[in-house]
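Asker: Below are the sequence and a predicted model; questions follow.
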Amino acid sequence: MGSKGKYLGEFEEMVLLAVGVQDNQAYGISIKHKIEEITGRTVSMGALHAALNRLEEKDYVSSKLGEATKMRGGKRKRFYSVSVHGQKLITDLMAQRQQLWEAIPKEAFTVRWTSGKK
Amino acid sequence: MSLKPPSVFDSLLKWFCAQTELEDIQGDLYEIYEERAETSKRKANYLFAIDVLRLFLPFTKNKKRATWLSESYNFNFRNQIVVSIRYLKKYPFVNALKIIGLGVAISAFLYISDYTRFHSNFDQFHEKKARIYRIITKVISPDLIDETAWSHAYIKELMDEFPAMEQVVRLLKSEQVKHVSVGEMNFDEHAVFYTDEEFAEVFTYNWIDGDPVTALSEPFSVVITDQTARKYFSTDQGLLGEIIRINKESYKVTGVIGDVPENTDLNFDLLIPFPYYDFQDWSFVYVLLHPQASIDQLSHGFAESILEWNDEFTSEGVSFEYEFENIADIHFSEPKLYDTPKVDKRRILLFQLIGLVILLIAIVNYVNLYTTQIMQRMNGINIRMIVGASKKQLFMQFATDTFIYLGIALSIGILLTIGTKQLVGSQTGFNFFHNPISTTYMSSAIGVFFLVLVSISIYGLILATRQSNLSLFETKTVKAHFRKGLVGVQFALSFVMILSTTVIYKQTSLLQNEDLGFDGNQIISFQIPSYVQRHRISAFKKEVAQLNFIQSISQLNINSIPGMDADVDDYYIDNSDDRKLFEGLYVDESFLETLQIELVAGEFFSKEKNHRPHEVFVVNEAFVKHMGWTLDEVLEKDIEIYSAGGPIIGVVKNFYFNSPHELIQPLILNYDVSGGLGLARLNANADFGTSVDRIELIWKDHLPNVPFNFSFLMTDYEEQFKQEQATINVFAIIAGLVIILSLLGMYAILLMLNKFREKELGIRKVNGATQRDLFQLFSKEFVKVLTISIAISIPLLWYGMENWLAKYPLRVTLNPLYFVLSAGLVMLVANGVIYLQAHKSYKANTVDALKYE
């Protein structure tokens, strides 16, 4: 849940990352597809737009409307990109994660997971 | 591009979404839709709808999430429900009144519409109903003009002469009870119908088993209903070829018909083909009109066309006229001889009207109370408007309010109906809600619901946003008069209902208590099936007659009492060569004694006087009058029938085995002991229970395997009058309802008055007004209206009642006292309500009223 302050919800984090992947080409549908592709879970439009709005409110992403195209019944797309604050935040976050991850002793996780979705 | 998502949900999206977000959200949804539509358009539609709904459903817990919601949505939808509920709780009493009143009215409406739908849809399930007609025969002779629902069976044979007739099917209910045995079980069946093999060509039924085309082509086949099948075999499947014995003859089951609705005149349990011999000249005759023919073509000149087959009658001065009744009209038409039970169409229309009126009144009441409440909430509404609520938002607010209230009222109405179904059903003798509800009915009902919802909301909107609401405070404007007039109408209706109920009640009592020329108390009636051998019956009767608690026992050829379906036969009166048609009964020598009918001249049949069957006759007073003779003259006359004859030996007082709806016809009593109904008169202090048991034992002795169906004659009469009693009950209930609704209406107006004129009333009280003064103030408003409306309704009511009573040869006179008392009652109740309201107003704290806020 978005709280005041600089902590991100888990889903918001995913969204932010996905925006970053597509860098300026990210819009609603493409973000949705990307997350679905990586995590395998279905993303609802409502949840996605909620997350995007919150991210924008907190100034982690910025958006602007693109040009009208023939697709989508002529409706313009809104493209998102990670803002400077967002970049800093996600870098910090990922660093923190990495730190913890590397701190886990090798012997603690004895099961080898195959990568990818189940 | 042709790929468009469902527009309903698209519009929903535009409606609820904030403008700034709309474009890209909508765009995203469109794009996904296009993707999904490549695999399955249906799924794409479905998922689109789901997406939209999930975006905008009002019950999301997390408000912050919905940042794309438009202001109107944000402002109203969820808040609105909260506000509505809060308001409900704040004025529980008034709201309860409003809602329950409406609920009750809805319930009444549901009952009424079910009743009227049932009776309006008799035999509507036949596919070819537009082309199905029943032939009515009008028998015209110098002595008798009778319309009968039966026609000559030979019309069927004449079918080829009339190309307009595509098919002719006869139908005849067996007059005699049939004894049916299936294996070891015995049944007496009353609903055995004879018909022709082309039955299924004309009438549409759901044949569970058997081939409709051939089922009745072989003699000794029988087609049964699924109910009957279950009664005999505990199943309705796989019964083709089973054997049933009807009157000791074996019939093969060749078909099973399912789901026969109750609203049909063809209420058969078993169908068998007419026997090869012509055993009955008359029957119901149904004609299927050729698709290209018109009924006028057929009926025009029909009588002339079959003149040659009727010539044996015409030479005697008897002629026939024919009428063709469409099957859809049969249930409402005038009853004729041998006809099926009818219902007066005007009565149905009346009920429909009443139902609508009740509903309308309830809605008007609701609107009145609603107006008051809007006034009360004006402060809140004004603030909202200042802060920037748009008209659309206000409309949504009222719509939500009304939706919730109407929804609750509707639920109450439906629940009430379900809960009271049993009770009302038993009170009125009508099986409500038996038939499943059609989808068209449901959808039109829902349509009406939304129409009402929207209208009321618009009304609320206009009310709230008007620049000046002063007119509500005025008492002399047209609007104010209109509102008061409405209350007046309601009370006039109450007056009408009370009066009508009283009159109908009195009329029915009169009919019930009328001297019918015989004494039906202490009489047990039982049916004597025709297949029973005569000597057995005689032996039975002889033994019963000797019981010490039996006064006498008699037998006659009438199907049932109440009922006056006598045989109509040709008689030769007074050695004339002219055949005349008269109604005739066949009775035995104990007839008079058993029924305590009075003999006014001559003597009655008796064995001691060596009267022989068919050689002596007795007539009734109406016969004497009809022939224009005196009592002495008639005793010198002779009668001849079927080549037997003899003198008229006696005259009896008129009697009538029915409620006197019609004038009494001339009647000839023939002497013969045969017939289907037995009557046993018990002594004055006989115990019914043990008497019946003793009689039953004797019956079983002489007539084993024949079911003993008895009943008490007066109970049968009560059954007969239950219909009319039911009408009274219904009227009484409706009267009660209308009165309650009127009270509600008046209460609503008074509430409004109180509220609007709070300050005025406060000032009056401060200046020394007493409760009496307030009472007079209020009642002045209404007394005028009430008096006028009652005065208007009196002549209308008088006219209406006279009209209704006129069709009864025996009727009550309209006593002005009824009118006075009813009006008095209504005025009294009205004043009572005014008094209560004045009292409340008086007690109210003046300070609250005059405070300046």
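Answerer: Perfect, I can see it now. This one's a predicted model, so the numbers in the text were calculated from it and none came from an experiment.
Asker: Chain A: strands as residue ranges?
Answerer: For chain A, strands defined by DSSP state E occupy the ranges A:61-65, A:78-82.
Asker: State which one residue of chain A is found closest to chain B.
Answerer: Of all residues in chain A, residue A:75 sits closest to chain B, at 3.2 Å by CB to the nearest CB. Where C-beta positions appear, they are placed from N, C-alpha and C, glycine not excepted.
Asker: Relative to residue B:741, how far out is that residue?
Answerer: Using CB to CB, to the nearest Å, residue A:75 is found at 54 Å from residue B:741.
Asker: same question, residue B:405
Answerer: Residue B:405 is 17 Å from residue B:741, where distance means CB to CB.
Asker: what about the residue in the stretch 1-150 of chain B positioned nearest to chain A, how many neighbours?
Answerer: When distances are taken as CB to the nearest CB, the stretch 1-150 of chain B reaches nearest to chain A at residue B:27, 3.2 Å away. Using other CB atoms under 10 Å in any protein chain shown, residue B:27 is surrounded by 25 other residues.
Asker: Now it: closest residue in space that isn't a chain neighbour?
Answerer: Spatial nearest neighbour of residue B:27, chain neighbours left out: residue A:75 (3.2 Å); criterion: CB to CB, 6 or more residues apart in numbering or on different chains.
Asker: what number of residues lie near residue 110?
Answerer: Chain wasn't specified; assuming chain A. The burial count for residue A:110: 6, using other CB under 10 Å.
Asker: Switch to chain B, please.
Answerer: Using other CB under 10 Å, residue B:110 has 21 neighbouring residues.
Asker: related to what we said a few turns ago, the residue of the stretch 1-150 of chain B closest to chain A against residue A:76, yeah?
Answerer: Yes: at 6.6 Å, residue B:27 counts as touching residue A:76 under the criterion of CB atoms under 8 Å.
Asker: Next SSE downstream of the lowest-mean-pLDDT helix or strand in chain B?
Answerer: The weakest-scoring helix or strand in chain B, judged by mean pLDDT, DSSP states H and E, is helix B:71-72 (a mean of 54). As assigned by DSSP states H and E, the chain's next helix or strand after helix B:71-72 is helix B:78-90.
Asker: so what does that next one touch, helix or strand wise?
Answerer: helix B:391-428 (3 or more CB pairs under 8 Å, 6 or more residues apart in numbering or on different chains; DSSP states H and E).
Asker: so after the helix it packs on, what's the next helix or strand?
Answerer: The helix or strand immediately downstream of helix B:391-428 is helix B:439-465, counting by DSSP H and E.
Asker: mind listing what's buried in that next one?
Answerer: Judged by neighbour count (16 or more other CB atoms under 10 Å in any protein chain shown), helix B:439-465 contains these buried residues: B:453, B:456-457, B:459-461, B:463-464.
Asker: show me the contacts for residue B:364.
Answerer: B:486, B:745 (CB atoms under 8 Å, 6 or more residues apart in numbering or on different chains).
Asker: what's the distance between it and residue B:99?
Answerer: Per CB to CB, residue B:364 is found 15 Å from residue B:99.
Asker: And residue B:334, by the same measure?
Answerer: The value you get for residue B:334 to residue B:99, if CB to CB is used, is 45 Å.
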